[in-house]
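> Sequence plus predicted model, see below.
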Amino acid sequence: MKVQVLSVHPAIELNTHQVLVSVGTDTHKFIFTTEVNQVGEHLLQTTRGDRPFSEVFRFNQRVAMNVTNLVVKLYNGETVELPADVGIFVTPETALSKQKPFEHSILANTDSQPSKAVDRETRQKAIAIVEELPESLLDEAVKFLESLYVKGE
């Protein structure tokens, strides 16, 4: 089924947008929230859809990313022509049937990849950035760091 973003409008709350999306003949309204936080010397902009959005597109991550990218462009003042095609929605069964087993992936075989030592200066910079994060982002930062597989000597 074809997925289109039909409209994006500011919602009632600050930094939120109401997004109207069609999936085939069905339409859905989602709320997207954008946060901008300072991480060290950099601004980090995060835009995410509400729980219903995550549930509808759980097995259609590329489509979800395309929808989110359109919201980000509009938030940043870029011109976007709507309605916009953002991909093809597939059933959970179809999505699962297209998955490749992870054990055959080159990413799974980390022992064959050369390990690089993380130098002390890089490690200290990373610690400093994490220490400067606001309390509200610490859980998310820890989850992100845990998701990385870094082999250091």
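Perfect, thanks for sending it.
> Low-confidence bits of the protein, can you list those?
Counting by pLDDT under 70, the ranges of the chain that qualify are 101-118, 145-153.
> Nearest to the spatial middle of it, which residue is it?
Note on the chain: the residue nearest the mean C-alpha position is residue 65, at 6.3 Å, using CA atoms, centre = their mean.
> Residue 19: which element?
Here residue 19, judged by DSSP states H and E, is contained in strand 16-23.
> immediately after that strand, which helix or strand?
As assigned by DSSP H and E, the chain's next helix or strand after strand 16-23 is strand 26-39.
> What residues of that following strand count as buried?
Burial within strand 26-39, assessed by neighbour count using 16 or more other CB atoms under 10 Å, is assigned to 30-34. Just so you know, the C-beta spots here come from the backbone N, C-alpha and C atoms, and that holds for glycine as well.
> And for stretch 56-75?
Quick answer for stretch 56-75 (16+ other CB under 10 Å): 56-57, 59-60, 63-64, 66-68, 70-72, 74-75.
> Show me what that stretch is in contact with.
3, 5, 8, 15, 17, 19, 21, 23, 28, 30, 32, 34, 45, 47-49, 53-54, 80, 84, 86-92, 95-96 (CB atoms under 8 Å, 6 or more residues apart in numbering).
> Extract the C-alpha trace of it and format it as PDB.
Provided in PDB are the C-alpha atoms of stretch 56-75 (Å, rounded to 0.1, in the frame of the first residue of the first chain):
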ATOM      1  CA  VAL A  56       1.600   1.600  13.000                       C
ATOM      2  CA  PHE A  57       5.100   1.700  11.400                       C
ATOM      3  CA  ARG A  58       6.800  -0.800  13.600                       C
ATOM      4  CA  PHE A  59       7.500  -3.100  10.600                       C
ATOM      5  CA  ASN A  60       8.000  -0.200   8.200                       C
ATOM      6  CA  GLN A  61      11.000   1.600   9.600                       C
ATOM      7  CA  ARG A  62      12.100   3.100   6.300                       C
ATOM      8  CA  VAL A  63       8.700   4.600   5.700                       C
ATOM      9  CA  ALA A  64       8.700   5.900   9.300                       C
ATOM     10  CA  MET A  65      12.100   7.500   8.700                       C
ATOM     11  CA  ASN A  66      10.800   9.200   5.500                       C
ATOM     12  CA  VAL A  67       7.800  10.600   7.300                       C
ATOM     13  CA  THR A  68      10.000  11.900  10.100                       C
ATOM     14  CA  ASN A  69      12.400  13.500   7.700                       C
ATOM     15  CA  LEU A  70       9.600  15.500   6.100                       C
ATOM     16  CA  VAL A  71       8.500  16.700   9.500                       C
ATOM     17  CA  VAL A  72      12.100  17.700  10.300                       C
ATOM     18  CA  LYS A  73      12.400  19.600   7.000                       C
ATOM     19  CA  LEU A  74       9.200  21.500   7.700                       C
ATOM     20  CA  TYR A  75      10.300  22.300  11.300                       C
END
